[in-house]
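>>> sequence isn't available, so here's the structure alone:
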């Protein structure tokens, strides 16, 4: 589970705390990504003072090599194949952010949270991240045309053979080099796992 709360400071921290509580209280719903997102959405709706939450939740089953996941308007994770090819995890119906609309309203839309499945070959890596990574711009010239999102496909294939921890480290080092500074306007969270 990876999420990103809009806004900063104490309000965002409070919403993150509520989010964690809802997840802990969800019980068996945690076995079903779409149901967990629906549960959390209903709990957060009307409680966030206009803030919203993007979230990605996936469950990987090693015995079947299947990843079941649902997305609430979060950035699609990257897949890194054993040969180093990269792609974005298919995300049809990315859904809408959590806490923006109640479940009754969402049920009438095609964008309601829904499960998707994909088979992942052994040694495939899954890279999850928050938008602070892809939206980072050059520090001294933020108006330049390129964001780090455009750089990732150029550099990530070279990291494909590395251990997930090293991928995170190398990608973060590349981000700092691209940005020209180690300070960011938005949080940057990176999670990499190998199946």
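Nice, thanks for sending it over. Given the structure is predicted, the values throughout are model-derived calculations rather than measurements. Numbering: from 1, shown residues only.
>>> return the backbone torsion pair for the nearest residue to residue 158 once chain neighbours are set aside.
Nearest residue to residue 158 in three dimensions, chain neighbours excluded: residue 84, at 7.4 Å (C-beta to C-beta, 6 or more residues apart in numbering). Glycine gets a C-beta too; all of them are placed from N, C-alpha and C. The phi/psi pair for residue 84 (degrees, to the nearest 10) reads phi 100, psi 0.
>>> where along this structure do the strands fall?
Using DSSP state E, the strands of the chain run over 2-5, 53-61, 66-72, 78-80, 86-88, 116-119, 125-129, 190-194.
>>> any chance of those in JSON lines, with distance to residue 46 and mean pLDDT too?
Shown next, in JSON lines, are those (distance: least, C-beta to C-beta, whole Å; pLDDT from 0 to 100):
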{"stretch": "strand 2-5", "distance to residue 46": "16", "mean pLDDT": "93"}
{"stretch": "strand 53-61", "distance to residue 46": "13", "mean pLDDT": "96"}
{"stretch": "strand 66-72", "distance to residue 46": "16", "mean pLDDT": "96"}
{"stretch": "strand 78-80", "distance to residue 46": "34", "mean pLDDT": "95"}
{"stretch": "strand 86-88", "distance to residue 46": "32", "mean pLDDT": "94"}
{"stretch": "strand 116-119", "distance to residue 46": "28", "mean pLDDT": "96"}
{"stretch": "strand 125-129", "distance to residue 46": "28", "mean pLDDT": "96"}
{"stretch": "strand 190-194", "distance to residue 46": "30", "mean pLDDT": "95"}
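>>> quick one, which of the ones you listed is nearest to residue 107?
strand 66-72 (14.6 Å; C-beta to C-beta).
>>> for that closest one, name the packing helices and strands.
helix 33-44, strand 53-61, strand 116-119 (3 or more C-beta pairs under 8 Å, 6 or more residues apart in numbering; DSSP states H and E).
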